[in-house]
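K.L.:
Need a 3D model of the sequence below.
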Amino acid sequence: MFNQWRRFQFFDKELVKGEDGRSPHPDLQKLQITAAASGKGQTIFGDEEGCITLCDRKFQLCKFQAFERKVTHLFQLQQQNVLVSVGDDHLSGPVLKVWNLDKTDRDTDGFLNVLSKDVFEGLSLSRCPATCVTASEGLSLIAVGLQSGHVVLVQGDVQHNKASSRVLNCSPSFPIVAMGMHTINSESWFLVATASRVLSFQNLRQDSMEVLDEQGCSGGTATFTDEHELIVGRQEALYCFNRDGRGATYAFEGRKTLLAPMRGYLLVVAADKANTSAVTVYDMKNKLVAFSAVAQEVRHAVWEWGSIILACEDGAVVQVTEKDTQAKMEMLFRRNLYSVAINLAQSQQLDESFIVDIQRKFGDHLYSKSDFDGAMGQYLATVGKLEPSYVIRKFLDAQRIHNLTSYLHALHQRGLANAEHTTLLLNCYTKLKDHAHLEAFIRSDGLSLDAASAIKTLRGGGYSEHAVYLAEQHRRHEECLSILIQDLKAPHKALAY
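P.N.:
Below is the predicted model:
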């Protein structure tokens, strides 16, 4: 299915360089990145030496020692500047640490560590590596996935180091790959992808476990999106899951190595040739490929500053920056892809006047191709926003009376017609001898029209019965009597009136 989507290059790829402007950023390249996260205007990297590095938009770095050995996982909250990290402090296994990046510790002069907890503390589990981590925005829950197929839930007042742990048994002996939680009112659903299956837990209860799929996925190839979907990648396709079960499926062959949601986009990294990755960005809503390229083997990917930041195996960091709206639109206009441009503008909630201008351009393009019906379809979408005379002149010149009639009728339905529009519409009906639509038009409830112009036009076209009806409805007594006597030769009716 993905292979049939239109392909664009809506992003520009660039190596993050050092001060010389040519070679890779030396400090980033030295990091040996093992984990990445983003939010609050910064990207965050964890490394082999247990350090966490904060990186601003100009790639100025701030580094601190977080663990004795290695940082394995990072998760940045989006509504507050709090970082959840998992790493190794000693040989016994993973440690969970939470940092408030807006506060400093008076004793260490570093960022405030609000929680430091052995993941296995107080639990009857065999020690094993952590495989993923996630947290709720209020930080009332932190979930740590394990290689053993268990999830450790840390709940309570985490920011004041008052939290307790319990375990969800998900898939014994099969690692946890990805997790995500969705809350509606007081009900919550916790979705988990493991190497062997996909699961759902309601309100984090073990006895509520539901198997959504009897197949799982490999490490890195599942992700939880802002739309509360768990997307699972396998060789043959991508599968979407939500609290109700399996949703959409997108056929896409290839060995996926990394999936990541990117603010409405989905990044898919697939194995390409030796030591390289095929990087593709999909716009799921508009069903198009927004970017594709080949890069050195990609290990981590995050979104910040309107860019995708890729950390590669060779130590390079690549910034894939989204083009501005005008540049994307010009690309589409050059290919006459106006319908794609309209969908894109609407999905990005751009200003209404911007969308109307695209619809006008689309109408003009179709008109130039003599697709008058298609053009009118676009112009009708602009009623009330585009000057009516712009459209009317085109269809008067082309003598496309049917199309002109539909536009004029739309103006009247919206209460936007003036006397000239009324006259023109009635002339169209009379020329077409469209008695049914003429009858329906003048008898429609709440019709907004210029009565004097309409009556004059109807009389001139020989539609005296319709003219007298309008005169009666609008209490134009003299005109009503004139029509009855002069046009219809019905003096008895005039006398009765």
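K.L.:
Which neighbouring elements make contact with the top helix by length along the chain?
P.N.:
Determined from DSSP state H, the single longest helix within the chain is helix 352-368. If contacts are counted by 3 or more C-beta pairs under 8 Å, 6 or more residues apart in numbering; DSSP states H and E, helix 352-368 sits against helix 338-347, helix 372-380, helix 388-397. (Each C-beta comes from the backbone N, C-alpha and C, glycine too.)
K.L.:
Which parts of the stretch 151-300 of the chain are helices?
P.N.:
Applying DSSP state H, counting those that start in this stretch to the stretch 151-300 of the chain gives no helices.
K.L.:
possible to save the helices and strands packed on helix 352-368 as JSON lines with distance to Gly220, mean neighbour count and mean pLDDT?
P.N.:
Below are those laid out as JSON lines (distance: least, C-beta to C-beta, whole Å; neighbours: other C-beta atoms under 10 Å; pLDDT from 0 to 100):
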{"stretch": "helix 338-347", "distance to Gly220": "28", "mean neighbour count": "19", "mean pLDDT": "94"}
{"stretch": "helix 372-380", "distance to Gly220": "44", "mean neighbour count": "20", "mean pLDDT": "96"}
{"stretch": "helix 388-397", "distance to Gly220": "53", "mean neighbour count": "16", "mean pLDDT": "90"}
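K.L.:
looking at these, which is closest to Gly122?
P.N.:
For these, the distance to Gly122 is smallest for helix 338-347, at 47.3 Å, taking C-beta to C-beta.
K.L.:
Any chance you could list what contacts the closest one?
P.N.:
The contact list for helix 338-347 (C-beta atoms under 8 Å, 6 or more residues apart in numbering) reads 6, 264, 283, 285-286, 288, 325, 328-329, 332-333, 354-355, 358-359, 361-362, 365, 378.
K.L.:
Show me which of these are buried.
P.N.:
The neighbour count (16 or more other C-beta atoms under 10 Å) marks 264, 283, 286, 288, 328-329, 332, 355, 358-359, 361-362, 365, 378 as buried among the contacts of helix 338-347.
K.L.:
Tabulate those residues (TSV), appending distance to Lys13.
P.N.:
As requested, those are exported to TSV (distance: C-beta to C-beta, whole Å):
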residue	distance to Lys13
Gly264	19
Asp283	17
Asn286	21
Leu288	18
Lys328	16
Met329	21
Leu332	20
Ile355	29
Ile358	27
Gln359	32
Lys361	29
Phe362	30
His365	31
Gln378	35
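K.L.:
which one of the residues you listed is nearest Phe10?
P.N.:
Scanning those for proximity to Phe10, where the rule is C-beta to C-beta, the winner is Lys328, at 5.3 Å.
K.L.:
In this structure that closest one contacts Phe10, no?
P.N.:
Yes: look at Lys328 against Phe10 with C-beta atoms under 8 Å: they come within range, at 5.3 Å.
K.L.:
can you pull the contacts of Val16?
P.N.:
Val16 is in contact with 24-25, 28, 59, 309, 316-319, counting by C-beta under 8 Å, 6+ apart.
K.L.:
one step back: tell me the angle of the longest helix of the chain relative to helix 388-397?
P.N.:
Angle of helix 352-368 versus helix 388-397, following axes from the mean of the first three to the mean of the last three C-alpha atoms, to 10 degrees, is 10 degrees.
K.L.:
ok so, going back, narrow the contacts of Val16 to those in helices?
P.N.:
When these are checked against helices (DSSP H), the matches are Leu28.
K.L.:
Buried among the contacts of Val16? Need that as a selection in ChimeraX.
P.N.:
Selection of buried members from the contacts of Val16 for ChimeraX, criterion 16+ other C-beta under 10 Å:
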select :24,25,28,59,309,316,317,318,319
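K.L.:
Just send the contacts of Val16 back as CSV, with pLDDT too.
P.N.:
CSV is the format used below for these (pLDDT from 0 to 100):
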residue, pLDDT
Pro24, 82
His25, 87
Leu28, 89
Phe59, 91
Ile309, 96
Ala316, 91
Val317, 94
Val318, 94
Gln319, 95
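K.L.:
Next, give me the two most distant ones among the contacts of Val16.
P.N.:
Longest span within the contacts of Val16, C-beta to C-beta: Pro24 and Ile309, 13.6 Å.
K.L.:
Tell me the residues that contact both of these two, please.
P.N.:
With contacts defined as C-beta under 8 Å, 6+ apart, the residues adjacent to both Pro24 and Ile309 are 16, 317.
K.L.:
what are the phi and psi values for the residue nearest the centre of the chain?
P.N.:
By C-alpha atoms, centre = their mean, the chain has its centre lying nearest to Gly264, at 3.4 Å. In terms of degrees, to the nearest 10, the main-chain angles of Gly264 are phi 100, psi -20.
K.L.:
Might one say that it is in contact with Val281?
P.N.:
No: contact criterion C-beta under 8 Å: Gly264 and Val281 do not qualify, at 10.2 Å.
K.L.:
overlap in contacts of these two?
P.N.:
By C-beta under 8 Å, 6+ apart, no residue touches both Gly264 and Val281.
K.L.:
in the lengthiest strand in the chain, what's buried?
P.N.:
Longest strand in the chain, counting residues (DSSP state E): strand 94-104. For strand 94-104, the neighbour count (16+ other C-beta under 10 Å) marks 94-101 as buried.
K.L.:
before we move on, the earlier item: pipe the helices and strands packed on helix 352-368 into JSON lines and attach distance to Thr134 per row.
P.N.:
Output for the helices and strands packed on helix 352-368, formatted as JSON lines (distance: least, C-beta to C-beta, whole Å):
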{"stretch": "helix 338-347", "distance to Thr134": "27"}
{"stretch": "helix 372-380", "distance to Thr134": "45"}
{"stretch": "helix 388-397", "distance to Thr134": "53"}
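K.L.:
of all these, which lies closest to Thr430?
P.N.:
When the helices and strands packed on helix 352-368 are compared by C-beta to C-beta, helix 388-397 sits nearest Thr430, at 15.8 Å.
K.L.:
So what's the gap between that closest one and the chain middle?
P.N.:
The chain centre lies 36 Å from the centre of helix 388-397; the measure is C-alpha atoms, centre = their mean, to the nearest Å.
K.L.:
Give me the helices and strands touching the very next helix or strand once past that helix, please.
P.N.:
The helix or strand immediately downstream of helix 388-397 is helix 401-413, counting by DSSP states H and E. When contacts are defined as 3+ C-beta pairs under 8 Å, 6+ apart, helix 401-413 sits against helix 372-380, helix 388-397, helix 419-432, helix 435-443.
K.L.:
can you list the weak-confidence ranges in the stretch 1-150 of the chain?
P.N.:
Scanning the stretch 1-150 of the chain for pLDDT under 70 picks out the ranges 1-3, 91.
K.L.:
where along it do the strands fall?
P.N.:
If DSSP state E, counting those that start in this stretch is used as the criterion, the strands of the stretch 1-150 of the chain fall at 6-7, 11-15, 33-39, 42-47, 51-55, 61-65, 71-76, 82-88, 94-104, 111-118, 130-135, 141-146, 150-157.
K.L.:
ok, the last one: who's next to it in the sheet?
P.N.:
According to DSSP bridges, strand 150-157 forms sheet pairs with strand 141-146 (antiparallel), strand 162-169 (antiparallel).
K.L.:
okay, the angle between the longest one and strand 94-104?
P.N.:
Okay, so that is strand 162-169. Put simply, strand 162-169 runs at 140 degrees to strand 94-104, going by the same axes, to 10 degrees.
K.L.:
Contacts for strand 162-169, please.
P.N.:
With contacts defined as C-beta under 8 Å, 6+ apart, strand 162-169 is touched by 115, 117, 119, 121-123, 125, 142, 149-157, 190, 192, 201, 204, 206, 209.
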